[in-house]
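K.L.:
make a model of this:
(one chain, ligands or ions: 2)
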Amino acid sequence: MLDVKQLCKDYSGLQAVQGVSFQLHPGDVFGFIGSNGAGKTTTIRMLATLLEPTSGTATLNGADIQRDPMEVRRQIGYMPDFFGLYDDLKVWEYLDFFAGIYRVPPRERPQVIDNVLELTDLTVKRQAYVQTLSRGMQQRLCLARCLVHDPAMLLLDEPASGLDPRARAELKELIAELGRMGKIVIVSSHILPELADFCNTVGIIERGELLAWGPVDTIIRQIQAHRSIMIRMLERGPEAAEFVSRLPSVLAVTPRGSHEIQIEYAGDLEGQAEILATLVRDGYRVTDFREEQADLEDVFLRLTTGAVQ
Ligand SMILES: Nc1ncnc2c1ncn2[C@@H]1O[C@H](COP(=O)(O)OP(=O)(O)O)[C@@H](O)[C@H]1O
Ligand SMILES: [Mg+2]
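P.N.:
Ligands and ions are numbered 1, 2, ... in the order given. Next comes the predicted model:
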């Protein structure tokens, strides 16, 4: 597992990262979200052992990023936010080169290269020159290069930036697959929707501070002050709105057209079930009754505008 403890980084007076702590387990895909300058790259570079923390530390499967950086490096694949490829190499030569750097024994390299090419869907490009690949393919090749030594953790700094929607979708699928393979994946972005649908864990960083982190559902639950319930019925929508507004713990009711109402509700699940039962008892013909989940975007905005402490 990865255990990050009170990680801090100061740049001559500027506190770029301030006491960041979180834990991740194999299979966790952690969306590290924050606007530009929030401290994502600085945090990731410390975890990649490329930058000394001012204080605090982190351990990956027991290896400490400061005391045992070489062991940590063996266990991670790091994809920086800007990367250069070596133009005059073919795809397989490029991967062979990195397999060499990571000390993959020569006998094992052909198999390793086949595996990472297949995983990143680049098998047909094995003989192509790196510079002839599309941007999306180059990004996947860079990820393939991070996988040749079968690392336990991947650090992907804004991997989706500059990709078209199709390439982005392919990258998402690949990252989700890495999670299913049991790797820890940290993937940063300043664009929330890029991450929302395939991470099981998120962290929201702002001005160097991790404002919240944890499983996606839990974070949404914590931030959502009250429930929002949508009710649809065959007829008498406005009447139902009037009726529901008198029930306990109902804070506000908004009619939506003639068939739908939306209510803000501060009660518990028991009370929620009671609302439905009461409506039905009173002869309303309900066709849909559902709690509307706040999404990560709501959470992000509430947190970063200081609406929640
Ligand atoms: N080498 C550096 N020297 C001084 N300040 C830096 C350096 N690198 C980053 N910073 C500052 O630290 C803060 C965090 O930057 P960074 O980690 O790159 O954020 P992000 O990746 O979230 O955009 C920013 O205010 C940035 O200007
Ligand atoms: Mg960055």
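
K.L.:
show me the shaky parts of the protein.
P.N.:
Counting by pLDDT under 70, the chain has low-confidence residues at 193-194, 196, 223-225, 294, 305-309.

K.L.:
and with 80 instead?
P.N.:
82-87, 191-197, 217, 220-226, 293-309 (pLDDT under 80).

K.L.:
tell me the helices and strands packed up against the helix ranked longest in it.
P.N.:
Counting residues, the longest helix found in the chain (DSSP state H) is helix 165-180. Packing contacts for helix 165-180, counted by 3 or more CB pairs under 8 Å, 6 or more residues apart in numbering; DSSP states H and E, involve strand 29-33, helix 135-147, strand 184-189. Just so you know, the C-beta spots here come from the backbone N, C-alpha and C atoms, and that holds for glycine as well.

K.L.:
what does the last one contact?
P.N.:
Translated: strand 184-189. 1-2, 24-34, 40-41, 44, 47, 152-161, 175, 178-179, 195, 199 (CB atoms under 8 Å, 6 or more residues apart in numbering).

K.L.:
tell me the angle the longest helix of the chain makes with strand 184-189.
P.N.:
150 degrees (axes from the mean of the first three to the mean of the last three CA atoms, to 10 degrees).

K.L.:
buried residues in helix 165-180?
P.N.:
For helix 165-180, the neighbour count (16 or more other CB atoms under 10 Å) marks 167-168, 170-172, 174-176, 178-179 as buried.

K.L.:
now stretch 230-239
P.N.:
231-233, 236-237.

K.L.:
can you tell me which of those are in strands?
P.N.:
Of those, the ones assigned to strands by DSSP state E are 231-233.

K.L.:
of the buried residues of helix 165-180, which pair is most distant in space?
P.N.:
Ala167 and Gly179 (19.2 Å; CB to CB).

K.L.:
what about Thr278, neighbour count?
P.N.:
13 (other CB atoms under 10 Å).

K.L.:
oh sorry, the question was meant for Leu122
P.N.:
Applying other CB under 10 Å, we find 21 residues neighbouring Leu122.

K.L.:
near ligand 2, which residues of the stretch 1-150 of the chain are found?
P.N.:
40-41 (CB under 5 Å from the ion).

K.L.:
in the stretch 1-150 of the chain, which spans are strands?
P.N.:
2-11, 14-24, 29-33, 55-60, 63-64, 76-79 (DSSP state E, counting those that start in this stretch).

K.L.:
please identify the most buried of those strands.
P.N.:
Scoring the strands of the stretch 1-150 of the chain by mean neighbour count under mean count of other CB atoms under 10 Å gives strand 29-33 as the most buried, with a mean of 27.

K.L.:
near ligand 1 at all, that one?
P.N.:
No - using CB under 6 Å from any ligand atom, strand 29-33 stays clear of ligand 1, with a minimum separation of 8.6 Å.

K.L.:
and for stretch 45-65?
P.N.:
No - Stretch 45-65 stays clear of ligand 1 (CB under 6 Å from any ligand atom), getting no nearer than 7.7 Å.

K.L.:
then that stretch to CSV, C-alphas only?
P.N.:
The C-alpha trace of stretch 45-65 is given here as CSV (Å, rounded to 0.1, in the frame of the first residue of the first chain):
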residue,chain,number,x,y,z
ARG,A,45,7.3,14.3,-8.0
MET,A,46,7.9,13.8,-4.3
LEU,A,47,6.2,10.4,-4.5
ALA,A,48,8.4,9.6,-7.6
THR,A,49,11.5,10.4,-5.4
LEU,A,50,12.5,13.2,-7.8
LEU,A,51,11.9,16.0,-5.3
GLU,A,52,12.9,16.0,-1.6
PRO,A,53,10.0,16.8,0.7
THR,A,54,10.6,19.7,3.1
SER,A,55,8.9,17.6,5.8
GLY,A,56,6.7,14.5,6.0
THR,A,57,7.2,11.4,4.0
ALA,A,58,5.6,8.5,2.2
THR,A,59,6.1,4.7,2.1
LEU,A,60,5.2,2.4,-0.7
ASN,A,61,4.9,-1.2,0.5
GLY,A,62,7.2,-0.3,3.4
ALA,A,63,9.8,1.4,1.3
ASP,A,64,10.4,5.1,2.4
ILE,A,65,10.7,7.7,-0.4
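
K.L.:
how far off centre is that stretch?
P.N.:
From the chain centre to the centre of stretch 45-65 is a distance of 20 Å (CA atoms, centre = their mean, to the nearest Å).

K.L.:
for ligand 1, see how far away the residue nearest to Ala176 when sequence neighbours are not counted is.
P.N.:
Nearest residue to Ala176 in three dimensions, chain neighbours excluded: Phe198, at 4.8 Å (CB to CB, 6 or more residues apart in numbering). Going from Phe198 to ligand 1 by CB to the nearest ligand atom, to the nearest Å gives 20 Å.
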